[in-house]
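Enquirer: Fold the stuff below for me.
(chains A, B and C)
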Amino acid sequence: MSPRRTKGKSASNHHAMSSPEAMIDLHGVVKRFKNAAGEFTVLKGVDLTINRGEFVGIVGKSGSGKSTLLNMITGIDHPSDGKVVIGGTDIYTGVSESQRSKWRGRNLGIVFQFFQLLPMLTLLENAMLPMDYADMYDFDERPSHAMEMLKLVGLEKFANKLPVLVSTGQQQLAAIARAMACDPPLLVADEPTGNLDTKSANIIIDLFEELARRGKTVLMVTHDPSLTSRTSRNITIADGLIVGDSRRK
Amino acid sequence: MKPRWRKVLHDLFDNKARTLLVVFSIAVGVFSIGVIAGAYQIISQDMSVSYAANAPANIELRMTNFDEDALDSIRNQRDVKDAEARRVFNMRVRVPGTEKWTTLDVAAFDSFEKNMVNLLIPLEGAPVPNKREVLLEVNALEDLDVQVGDLLEFQLPDGSTKTLPVAGIVRDTASAAGDFLASPIAYVTMDTLPYLGEPESFNRALITVSGDGDDITYVREVGAELKDKLEKDGRLVIRSRFSETHKHPLADTINAVLGILMALGILIVLLSSSLIANTLSALLNQHLRHIGVIKLVGGQRGQVLRMYITLIMAFGVMALFIAVPLGGQGAYGLALFIANELNFTLLGYRIVPMAFVIQILVGLFVPLIAGLAPVVSGSRITVLRALSGGLADDENSASPEEGKRLPWFDWIQVKATRVLAARGIHIPRPFVISLRNTFRRKRRLALTLFTLTMGGAIFIAVFNVRVTLHDHIGQIGKYFVADVSLDFDEPYRLREIEQVAMQVDGVERVEGWQFVSGELLDANGNVMENLNVFGPPADSELVDPIVLDGRWIRADDVKKLAISEGAREYFPDLKAGDFVHIKLEGREEVWEVVGIFQFVDREGVLAYAPYEYVSQMSNLANRSYSFRLVTAQHDRAYQNAKAEELDKFFRERGYKVRVAEAGRASLDTAVESLDTLVVFLLIMAVLTAIVGSMGLTGTMGMNVLERTREIGIMRAIGADDRAVMRTVIAEGIVIGSISFVLAMILSVPFTYLLSTIVSLAIFQSAIDVVFTYQGYLIWLALVIILSTLASIIPARNAARLTIREVLAYE
Amino acid sequence: MKAQASTQHLIELHGVVKTYSTAAGDFTALKNINLQIGAGEFLGVVGKSGAGKSTLLNMITGVDHLSEGEVIVHANGAPISVHKNKEDEIALWRGQTMGVVFQSFQLLPMLTLVENITLPMDLCGNFNPKQSRQRALELLRLVEIEEHADKLPAYISGGQQQRVAIARALANDPPILIADEPTGSLDSVTAEHIFEVFERLVSEQGKTIVMVTHDESLSTRFSRTMRITDGELETRPLEGKPKSENEAGSNPKRRLSWWRRK
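Expert: This is a model prediction of the structure:
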């Protein structure tokens, strides 16, 4: 398989909870978009393996294909060619969009740059929603479990507030709490600090580090150079190809 | 074309579903207003013209037999323009070979060629019958399946039958006008009478006046003079009827009914305008970015405003192209339907300029007014807000410069959920989303609820009105409880008839009634109205009166009567204990009113006096012409069977039976004609319901479109197709349910309003309102089905979106 | 209405402050900005997202209100204080004085390229319809896309759409171009082409351009570059490249991504 896999394995060895297995396995992933102006290839055959417990940053300029790569991993978009295996499951072969949504609910948490929370639900309700969709935990346990998640991100005081009443940084933290609600092994974040001030951004990154320490795999797309010093591994994308894979720790 | 007008043109056809929705909502309003305004115009013109065209009698006198000499003396009377004499009597008729008998009024003419009053319009076949031929009034064809040239079998009082061929079909717009329940008419010449066993003398005079036939006072004066003269000559006038030349007897009723339809039409316009307002405000919302760009590159508010007003006008014009021709056709169709029901002819298809103008005004100004608020506020948007993306925000969410306060309603919703949760009632979050989404666009919700609630309330109310009318007819039925009425041409002893009748299987009881017809007079002896006095035994169980004032009749009453509330039309202050002047069998008398009962009169005022007195007065003690029978079963089929059996049974034994009729027959006819009206109301109710559900579909579509991104988030955190669809459909059903509750409440005043207007139009008096669960149940089922259907397409579209599309959605 | 005369500068910002109130309290996006931009300058403003770059542009274009201070533009003769005029007047003035280019192109999707460009002329009424089309075609030639003139925006690529957006910004021949991350959503090759168009507009047409970007690799290619951080302009401008060396910027090899420079 990919030569990077062995590196990943050794990197995850410090973490007590981590498993030697691959969390994410991409084989020759190609993504082409067609529009009226013609066809263009955004991902030109990406091979990538990420192990459990890694905290990976994906960096690249806008238009480099990093968001598209993320969409391949989250099952939001489907590849034109290649195979994506997440936690041992091939998420594209013979799986409908609807089934993928269901799978996503249990197996990964997603954090976006914008539009994270549903505005009509309180932070607590937002955190409970994935459990309702995935039918995780006993119905009556869900509030207390969601509360634990909010405590984890330090928002227990704001549990019953609607998103408009808290700052964008707090909204982003609540979105992370929601992403962790079903206790997924994988957390994917697309520019999670993109529109946050430096202080809020730091809190978020601290939280990601903590989650990685607890054995979660965290994958974060960013174009902010100051964040890449905190990740355990950085993958650089340019014009649809992986052009760099460094490890700083 | 300038680019900004190119944009307007494009916006017109860009989203076809939305354009259809807007155009259709405008068109529905324009159409219904056009139909009703047009029909109103056509009917009010044609009804009187077509009625007057056939020289309707101003004075109709029913008299004992009279001859040509009497007719001549009527003709020579001052102020009489034309006079005709006829012999009118009823006979039972059937198509040979069939079983079903139909009662016809047979009218015999002296000379068809000299027909001057109540003109007959030939429709088919011969305009004039020869001896032993018959012409049929076109309404008779509803009961008799015959064509010109076919034979009809007439039953004579002695039970024998005579056969006459149908020589032609005519329309008589004057003779039966004003009476929904009159028998259809057949016409023969006087020399056919002996063949039918009738004497060759007249019993009815039809008179037109030479002066102003539309002055009812003058007509009455002429009539009174004429009667005086006839009575001096020793002739007895049994009944008289006065009417105006240009006023169809049902004009008031029809105008009132059209008035109700017009009110509903205006309501539909109102509802469709709220739909337009909703759609346009959603359209403006989606166009904010465009407006931002236009303003950014130099566009000013006025320019933006003009572009969108032009767009609205274009929607209006498109709607007019659909609705104006359809409305014109619909108006004529409705007028034609009413004209056929009421037996008058229209002057021909035409465009009613008035309705045309109203339609254009409604089609252009209603959308303009409805769309003005969103267009004005849309044109005011700042470039920053327009381009900064916060477009899917709710109306009440703050823009960046304003402080963010939580709207009280959101606070209540959150609080309510918490209070419930504290009591252990947890609402699943996906349903919480549906609930709170419902209330996010409050203005849109209000308009949607308004249309759907109005549609529902009217729908429910129409059902209540229907039951109310039926109940009222049922109330009337309490005065005619008998299963079969049996009338004879000569009086028979009560005991005798009872004995014979009891031999017929199923007959349980027989009562002999008296009937005297007379006139109600004012204190000076002028005729006010015909009076029909029934004389049932005072202890009869076949009358179940609703006494409004005083008491019911007693066996020892002498010159006392109970009179229907219809008398109050002539004596508004009439109460029990008052005295009334009446004329019975040619004698003027003063009787005491012992009670006033509720009844809907037609063809004169109804009164009851005990058989015990009336039979003495008529020298018919222990005898009667008229009998009421109670049978073992009371359904119409059984009554019909028994009526026929009794008829045959008595005839075979030599009794001169005039008619044996099932008790419910006349009631059912009344119900049928009322149901025609109810059908009209129901059509309008269904239209409002359609507008309402269109509103809901539009709202759900707009909601889903605006929440595409949120649906993307839901999918991203694990919602599958079914979960997304459930959320959307649940919202539709929540809206439907709220509107149902509101409609339930609103249907109560609507029921009262509609019932009152309808009953005033038809019965000239208010009636007791009755409610039925039917309308509520049907509407509940409908609203749930409609709101599910209205949400399914938007929900499916929502579920079909892939997350990538959703999150890229801008 | 009119501010005091000043000859040497085209755009002047005096003590501009912009404060937003949010649930979490007041947030100051711009803190006392003083800036003079001369005619013919190609000013680059770099900074991270959230630093206040776009807010600064909104102050200059007048699409957002300022909390304190004044913005004066000396264009087409009389100086105008942007925030002391009615919105409608500013809309018309802006249409004739400034062309604005966004990261997301903002073309009207239902209009062809030519129509998108004639729209500002239609709205401001400076040209009659025949002249408008002529001028639009000239502008499309200028941005090298005239062969697509009658296509709808959806049928051309993102880079081509941005060229149209630039042509539209030039429709009423404004002296000033304002560009908000114009290359932000384009791939590197296309972005380079677009940037070259801007460079040509300064050198050949004498336009004044204010561009914000988070791409620091571009900072050496402006005639002057300012950095904005947390709502403040750094007092010392970044090293700008003299105008005369503009042509060097067209060499794509000089563009280095930030992570390579590290």
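
Enquirer: Kindly state the domain boundaries assigned to chain B.
Expert: Under the assignment automatic domain parsing, the domains of chain B span B:1-55+B:265-393, B:56-242, B:399-479+B:666-810, B:481-662.

Enquirer: Tell me which of those lies nearest to residue A:188.
Expert: Residue A:188 sits nearest to domain B:399-479+B:666-810 of all the domains of chain B, at 9.7 Å, using Cβ to Cβ. To be clear about C-beta, it is placed using only N, CA and C from the backbone, and glycine gets the same treatment.

Enquirer: Okay, helices next: where are they in the stretch 301-450 of chain B?
Expert: B:301-342, B:353-379, B:383-387, B:408-422, B:429-438, B:442-477 (DSSP state H, counting those that start in this stretch).

Enquirer: actually chain A, not the one I wrote
Expert: Secondary structure of chain A (DSSP state H): helices located at A:4-11, A:66-74, A:97-107, A:123-134, A:142-152, A:168-179, A:198-213.

Enquirer: Now distance to chain C and mean neighbour count too, for the domains of chain B, in CSV please.
Expert: Output for the domains of chain B, formatted as CSV (distance: least, Cβ to the nearest Cβ, whole Å; neighbours: other Cβ atoms under 10 Å in any protein chain shown):
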stretch, distance to chain C, mean neighbour count
domain B:1-55+B:265-393, 2, 21
domain B:56-242, 59, 18
domain B:399-479+B:666-810, 4, 20
domain B:481-662, 64, 18
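
Enquirer: could you dump the ones you listed to a markdown table with mean pLDDT?
Expert: What follows is the domains of chain B, written out as a markdown table (pLDDT from 0 to 100):
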| stretch | mean pLDDT |
| --- | --- |
| domain B:1-55+B:265-393 | 85 |
| domain B:56-242 | 86 |
| domain B:399-479+B:666-810 | 81 |
| domain B:481-662 | 86 |
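
Enquirer: Just send the ones you listed back as JSON lines, with distance to residue A:119 too.
Expert: Shown next, in JSON lines, are the domains of chain B (distance: least, Cβ to Cβ, whole Å):
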{"stretch": "domain B:1-55+B:265-393", "distance to residue A:119": "9"}
{"stretch": "domain B:56-242", "distance to residue A:119": "61"}
{"stretch": "domain B:399-479+B:666-810", "distance to residue A:119": "8"}
{"stretch": "domain B:481-662", "distance to residue A:119": "60"}
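
Enquirer: closest one to residue A:229 among those?
Expert: Taking those one by one with Cβ to Cβ, domain B:399-479+B:666-810 is closest: 28.5 Å.

Enquirer: Now do the closest one: distance to the chain's middle.
Expert: In terms of Cα atoms, centre = their mean, to the nearest Å, the centre of domain B:399-479+B:666-810 is found 26 Å from the chain centre.

Enquirer: picking up where we left off before, compare the helices of the stretch 301-450 of chain B and give me the one nearest residue B:78.
Expert: Between residue B:78 and the helices of the stretch 301-450 of chain B, the tightest spacing by Cβ to Cβ is seen for helix B:301-342, at 33.8 Å.

Enquirer: Which neighbouring elements make contact with the closest one?
Expert: For helix B:301-342, the packing partners by 3 or more Cβ pairs under 8 Å, 6 or more residues apart in numbering or on different chains; DSSP states H and E come out as helix B:3-14, helix B:16-53, helix B:251-286, helix B:288-296, helix B:353-379, helix C:87-97.

Enquirer: can you give me the angle that helix makes with helix B:16-53?
Expert: 40 degrees (axes from the mean of the first three to the mean of the last three Cα atoms, to 10 degrees).

Enquirer: tell me which parts of the stretch 51-200 of chain C are close to chain B?
Expert: C:58, C:61, C:63-65, C:87-88, C:91-92, C:94-96, C:99-100, C:102, C:104, C:106-108, C:110-111, C:115-116, C:118-120, C:122-124, C:129, C:168-169, C:171-172 (Cβ under 8 Å from any Cβ of the partner chain).

Enquirer: Among these, which lie within strands?
Expert: Cross-referencing those against strands under DSSP state E gives C:99, C:100.

Enquirer: now the residues of the stretch 51-200 of chain C next to chain B: which count as buried?
Expert: Those of those that meet the buried threshold are C:58, C:61, C:63-64, C:91-92, C:94-96, C:99-100, C:102, C:104, C:106-108, C:110-111, C:115-116, C:118-120, C:122-124, C:168-169, C:171-172, by 16 or more other Cβ atoms under 10 Å in any protein chain shown.
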